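*Asks:* next one to model:
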Amino acid sequence: MIKKIALIFLSLLFSLLLIYIIVFAWVATFEDYKKRNFFINSESLKYHKKYSDQVHHLRGNLPKSYKEKNIKKEDYFFTSFSKFTKEKQNYLMQGDSWAEYLTLKNNAIETLNSIIKTKNIGFINGGVSSYSPSAMKVQYEILEKEYNIKPDYLITIIDQTDIGDELCRYKRNIINNEDGTVNYIKRERNTDAVGDYSKYYSFSNILFEKKTFINFYVTNYYFYKTVVTFRSKIYFLIKDGFKNRNNYKCRFGQIQKYLYSIEEEDVKYFKKRTQEYLDFLQKKNYLKNIFIVTFPHEKHLTGEYKVNVSSIINELNLSEKINHINFTELIETNDFNSDNIYQTEDPASHLNEDAHSLFVKKIFELIDLDLKK
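*Replies:* Predicted structure coming up:
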């Protein structure tokens, strides 16, 4: 009996050793782990991890053009287009990829820079893909406390997908204050969920910290990742059941489903987190005005989506300092042309470059009209 157990143990040990050698050989031959590192240096890596631990995630792999300009680590969190000064009217923009695109799309960047120059304003873009009201609240607190960013005006883009982001991506990761408001949002850790940068952190850390035996450390990482990812899969299989076992990854289909139909309980939760964000902002005496921007997706215009975040925003308790720029209404009244404005084959209905420029122009046009009242 003892011999059989010993034989089984040795067989398992040999199998693991053989697998390890195969993986090591693959890493040494084919794995270009340098491409897995999108951080400029260890300082930017530590910065990304630090704030992702507070607000779930930061911006991902920044464009090559950013790296060529030797970007600051803060560009993973926000971009300063024009410095805030006491002599200027200062604007902060928050939002998800609709806001972040203003740091990525050339036409939109040119349009924004032209507006900034003409109006002589300070402008900081804090847009980060998939941010929704809970994440924006935490981000705003950090920008205010640690960077002393105190805008005169806030433009906050609340996208249609913010509903799904709140319910799928953040709800299970939020750590509340005693009063039930969001304190911080835990980041993903080797779950393969959207916004999980664990593998990039690991590869980057190996490249920055390890000077020798890099293939050895990369191989060890793959074994470690296999174990913890398997553990996550088992946890969510038990927690959510076989049918919903992959819901925690929050792929677009999981986010999108709330726009077809939504339970009243889920609407109440989204309202709660959005109202919490707005109540937090309304207490900032230095904020003169808050402009909420909402925009329909293409399937809203075709009638396939039945849930519109614009309508939900209209049901919230908004103070006089908050103005809702509702592009659904603007399109319905022909105040914004909706012909050929969306990127082709984009399920998230982002605007194409030309339309995004018009989108930015229209926002500032409406802001100017509101401020003249």
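*Asks:* correct me, but residue 116 touches residue 81?
*Replies:* Yes - look at residue 116 against residue 81 with Cβ atoms under 8 Å: they come within range, at 5.8 Å. For glycine as for every other residue, the C-beta is placed from the backbone atoms N, C-alpha and C.
*Asks:* tell me how many other residues surround residue 300.
*Replies:* 21 (other Cβ atoms under 10 Å).
*Asks:* what's the helix or strand for it?
*Replies:* In the assignment (DSSP states H and E), residue 300 maps to helix 298-301.
*Asks:* what of residue 175?
*Replies:* Using DSSP H and E, residue 175 falls in strand 174-176.
*Asks:* in the stretch 51-200 of the chain, which spans are helices?
*Replies:* Secondary structure of the stretch 51-200 of the chain (DSSP state H, counting those that start in this stretch): helices at 64-68, 97-100, 106-119, 133-147, 162-164, 198-209.
*Asks:* now the fifth one, how far from the centre of its chain.
*Replies:* What it means is helix 162-164. Between the centre of helix 162-164 and the centre of its chain there are 12 Å (Cα atoms, centre = their mean, to the nearest Å).
*Asks:* for residue 173, see how far away residue 233 is.
*Replies:* 17 Å (Cβ to Cβ, to the nearest Å).
*Asks:* which elements pack onto the helix or strand containing residue 12?
*Replies:* Residue 12 belongs to helix 2-29 when assigned by DSSP H and E. Helix 2-29 sits against helix 214-240, with contacts defined as 3 or more Cβ pairs under 8 Å, 6 or more residues apart in numbering; DSSP states H and E.
*Asks:* could you list the domains of this protein?
*Replies:* Domain assignment for the chain by automatic domain parsing gives 1-30, 37-199+246-371.
*Asks:* between these, which gets the lowest average pLDDT?
*Replies:* Lowest mean pLDDT within the domains of the chain: domain 1-30, a mean of 73.
*Asks:* could you spell out the sheet neighbours of the strand holding residue 175, each with its direction?
*Replies:* strand 182-185 (antiparallel) (DSSP bridges).
*Asks:* list of residues touching the partner strand?
*Replies:* 53-56, 134-135, 137-138, 170, 173-177, 273, 276 (Cβ atoms under 8 Å, 6 or more residues apart in numbering).
*Asks:* looking at the helices of the stretch 51-200 of the chain, which is buried most?
*Replies:* helix 162-164 (a mean of 27; mean count of other Cβ atoms under 10 Å).
*Asks:* helices or strands up against that helix?
*Replies:* Using 3+ Cβ pairs under 8 Å, 6+ apart as the test, helix 162-164 ends up in contact with helix 252-260, helix 264-282, helix 309-314.
*Asks:* what about the second one, distance to the chain center?
*Replies:* Counting by Cα atoms, centre = their mean, helix 264-282 is centred 18 Å from the centre of its parent chain.
*Asks:* what of the last one?
*Replies:* Centroid displacement of helix 309-314 relative to its chain, using Cα atoms, centre = their mean, is 21 Å.
*Asks:* so what does it touch, helix or strand wise?
*Replies:* helix 162-164, helix 264-282, strand 289-294, strand 322-326, helix 327-332.
*Asks:* measure residue 273 to residue 181 for me?
*Replies:* Taken as Cβ to Cβ, the span from residue 273 to residue 181 is 9 Å.
*Asks:* contact partners of the helix holding residue 300?
*Replies:* 160, 259, 305, 308, 328, 331, 338, 342, 349.
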